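> Need coordinates for the below:
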Amino acid sequence: MTDELTPRQRAERRRRLAEIFGEVLPEQTSDDAGEAGAAERRTDDQAQEDWLKSQVPPHHG
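Below you'll find the model as predicted:
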């Protein structure tokens, strides 16, 4: 028996590993996104800040 795997066996192994562990590395990282990614984060941060401020009771404002 040889240690070499057929293409089908390699594909099946990759599929099983992905099923168990999920995607190890994202398709796109934040440094790949450039300025658009930073702008989206700022928008999300602002939305979170706005939501938080809207949750403050009137007597604490």
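
> hmm, who's touching the one helix or strand R14 maps to?
Element membership for R14, per DSSP states H and E: helix 7-21. Residues outside helix 7-21 that contact it (Cβ atoms under 8 Å, 6 or more residues apart in numbering) are L5. From N, CA and C alone the C-beta is placed, and that goes for glycine too.

> quick check: mean pLDDT across it?
Averaging pLDDT along helix 7-21 yields 90.

> how about the strands of the protein, start to end?
Counting by DSSP state E, the chain has no strands to list.

> Helices of that one, start to end?
7-21, 30-54 (DSSP state H).

> buried residues in the helix holding R14?
Residues of helix 7-21 include none that count as buried (16 or more other Cβ atoms under 10 Å).

> on that earlier part again, make CSV out of the helices of the chain and add distance to H60.
Below are those laid out as CSV (distance: least, Cβ to Cβ, whole Å):
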stretch, distance to H60
helix 7-21, 45
helix 30-54, 11
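
> before we move on, the earlier item: put the alpha carbons of the helix holding R14 into PDB.
Provided in PDB are the C-alpha atoms of helix 7-21 (Å, rounded to 0.1, in the frame of the first residue of the first chain):
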ATOM      1  CA  PRO A   7      -7.300  13.100  -6.100                       C
ATOM      2  CA  ARG A   8     -10.700  11.700  -5.000                       C
ATOM      3  CA  GLN A   9      -9.300  10.700  -1.600                       C
ATOM      4  CA  ARG A  10      -7.600  14.100  -1.200                       C
ATOM      5  CA  ALA A  11     -10.900  15.900  -2.000                       C
ATOM      6  CA  GLU A  12     -12.800  13.700   0.400                       C
ATOM      7  CA  ARG A  13     -10.300  14.400   3.100                       C
ATOM      8  CA  ARG A  14     -10.500  18.100   2.500                       C
ATOM      9  CA  ARG A  15     -14.300  17.900   2.700                       C
ATOM     10  CA  ARG A  16     -14.300  16.000   6.000                       C
ATOM     11  CA  LEU A  17     -11.800  18.400   7.500                       C
ATOM     12  CA  ALA A  18     -13.900  21.400   6.400                       C
ATOM     13  CA  GLU A  19     -17.000  19.800   7.800                       C
ATOM     14  CA  ILE A  20     -15.300  19.300  11.200                       C
ATOM     15  CA  PHE A  21     -13.300  22.400  11.500                       C
END
